[in-house]
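Trainee: Quick one: sequence and predicted model below, then my questions.
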Amino acid sequence: MPLSGLIGSFFAANRRASRRVAVALRIPSDKPFWQAFERAAGQRLRDLPPGATVLDLGGGRRCVYAGALESAAPLRMVAVDVAPGELALNTDVSETRVANVAEQLPFEDASVDLVLSRALLEHIDGIPAAVANMARVMRPGARTLHFVPCRYSLFGLAARLVPFGPLLALLHKVKPETRGQVEFEVFYDHCHPDAMGNVFKQAGFREVSVSVCWAQPGYFESVFPLFLVTSAYERLVARLGIRRLAAYMIVSAVR
């Protein structure tokens, strides 16, 4: 067997061991938290009246809310992304716009009914400006919902301490399914619960809530010993309720 095959088999065996232990020891997964966001986003879409305008920030090549749109009223769904090549592949939405949310959003004041993003804000260099731009284009009473990986998660610390190129290559090696999904540079600006909540409040949003999750097994289960150590760490910080060390957060607010 070639070396690449041996390496792949090694990581696959480690993943199987990690997953068996996770079931046996009831180690928390982050999947329910992702699913909670998807349910909340779907409900926000279904609550909108026909013709409402929705921004999918970081929409890229596909709309992750496409399934929810099938059960919602006809909506104007606009994918916004900095990468025109990615947007050119997106056939799920009615419109696309190339824009950097931290610089500008090409929409009129008070013209948007819902703003969504999933795993985008950690890539934004200038979160206060981005949130201010969202506030400008949203109607009074409009809602916004964001799923955000956190600055002080274990994977967030690694992404900021290790050169991004080698780290990305390593991630693709141990988790091949991340190719084409985890490609863009991260900044993690204001990406911890207190800071993000304060930014939204300072931009004039109300009913700001930030829920958190500490589980982050997917990044470590390919190396079984590391998975055991990080799982123990996650359980400890979750039990202590240290929100600053959360892995993910869901930010919800009303304009």
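Mentor: Okay, I see it. Numbering: from 1, shown residues only.

Trainee: all strands for the stretch 1-150 of the chain, in order.
Mentor: 53-57, 76-81, 95-98, 112-118, 138-149 (DSSP state E, counting those that start in this stretch).

Trainee: which of those strands sits most buried?
Mentor: Comparing the strands of the stretch 1-150 of the chain by mean neighbour count (mean count of other Cβ atoms under 10 Å), strand 53-57 ranks first with a mean of 25. (Glycine included, C-beta is placed from N, CA and C.)

Trainee: quick one: contacts of it?
Mentor: 45, 48, 63-65, 75-81, 93, 101, 105, 107, 111-117, 120, 134, 137 (Cβ atoms under 8 Å, 6 or more residues apart in numbering).

Trainee: if you set the cut-off to 7 Å instead, what comes out?
Mentor: Applying Cβ atoms under 7 Å, 6 or more residues apart in numbering, the contact partners of strand 53-57 are 45, 63, 65, 75-80, 93, 101, 111-117, 120.

Trainee: Show the contacting residues for T96.
Mentor: V78, A79, L87, N90.

Trainee: Can you report how many residues neighbour the closest residue to it other than its chain neighbours?
Mentor: Excluding its sequence neighbours, the residue lying closest to T96 (Cβ to Cβ, 6 or more residues apart in numbering) is L87, at 4.1 Å. With neighbours defined by other Cβ atoms under 10 Å, the count for L87 comes to 19.

Trainee: In a markdown table: the contacts of T96, plus pLDDT and distance to L161.
Mentor: Shown next, in a markdown table, are the contacts of T96 (pLDDT from 0 to 100; distance: Cβ to Cβ, whole Å):
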| residue | pLDDT | distance to L161 |
| --- | --- | --- |
| V78 | 97 | 36 |
| A79 | 97 | 32 |
| L87 | 95 | 32 |
| N90 | 95 | 33 |
